[in-house]
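In: Sharing a sequence plus its predicted fold:
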Amino acid sequence: MKTEQETATQPQPSEVTAAAVTDPSDIENGIVEALKTVYDPEIPVNIYELGLIYDIDIQEDGAVKVKMTLTAPGCPVAGTLPGEVQDKVAGAPGVTSAEVELVWDPAWNPSMMSEAARLELGMF
């Protein structure tokens, strides 16, 4: 049995620092979870499930490049959403820097949504 002092000095799982996350799949999972907190203001589904994220490229040094699109080129959040995505990705465990590129090819369409998003929106 451990003494109270021994227990207090051992790091708890919640105390693991972002620098400790180095496995690319763990980093990607953290990025995806962060992206699932970003919503298109016109559609009540997160941008990941909407299919707006086309690519997540994680470098060995933790630098991340995200390619994303919007539901339409004239989307009113075109000036703010990429910055919000960059901030969320940059805050994910193991990420050292984040860059977001807005792309229009291929053009987004509703078939790019996940099954969960289509169900949530009543599109089956």
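Out: That came in fine, so what should we check first? Residues are numbered from 1 along each chain as shown.
In: what about the helices in the protein?
Out: Here the chain has its helices, by DSSP state H, at 4-9, 24-35, 47-50, 81-90, 115-120.
In: could you dump the fourth one to PDB, C-alpha only?
Out: In this case it means helix 81-90. Provided in PDB are the C-alpha atoms of helix 81-90 (Å, rounded to 0.1, in the frame of the first residue of the first chain):
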ATOM      1  CA  LEU A  81     -14.100  30.200 -39.100                       C
ATOM      2  CA  PRO A  82     -10.600  29.300 -40.400                       C
ATOM      3  CA  GLY A  83      -9.100  31.300 -37.500                       C
ATOM      4  CA  GLU A  84     -11.300  29.500 -35.000                       C
ATOM      5  CA  VAL A  85     -10.200  26.200 -36.500                       C
ATOM      6  CA  GLN A  86      -6.600  27.200 -36.300                       C
ATOM      7  CA  ASP A  87      -7.000  28.200 -32.600                       C
ATOM      8  CA  LYS A  88      -8.700  24.900 -31.700                       C
ATOM      9  CA  VAL A  89      -6.100  22.800 -33.500                       C
ATOM     10  CA  ALA A  90      -3.200  24.700 -32.000                       C
END
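In: May I see the buried residues of it?
Out: Leu81, Pro82, Val85, Gln86, Lys88, Val89, Ala90 (16 or more other CB atoms under 10 Å). Glycine gets a C-beta too; all of them are placed from N, C-alpha and C.
In: farthest-separated two in these?
Out: Using CB to CB, the buried residues of helix 81-90 reach their maximum pairwise distance at Leu81 and Ala90, which is 14.8 Å.
In: How about the contacts made by the most centrally placed residue in the chain?
Out: Most central in the chain under CA atoms, centre = their mean is Leu35, positioned 2.7 Å from the mean C-alpha point. Residues near Leu35 by CB atoms under 8 Å, 6 or more residues apart in numbering: Asn46, Ile47, Tyr48, Ile53, Val85, Lys88, Val89.
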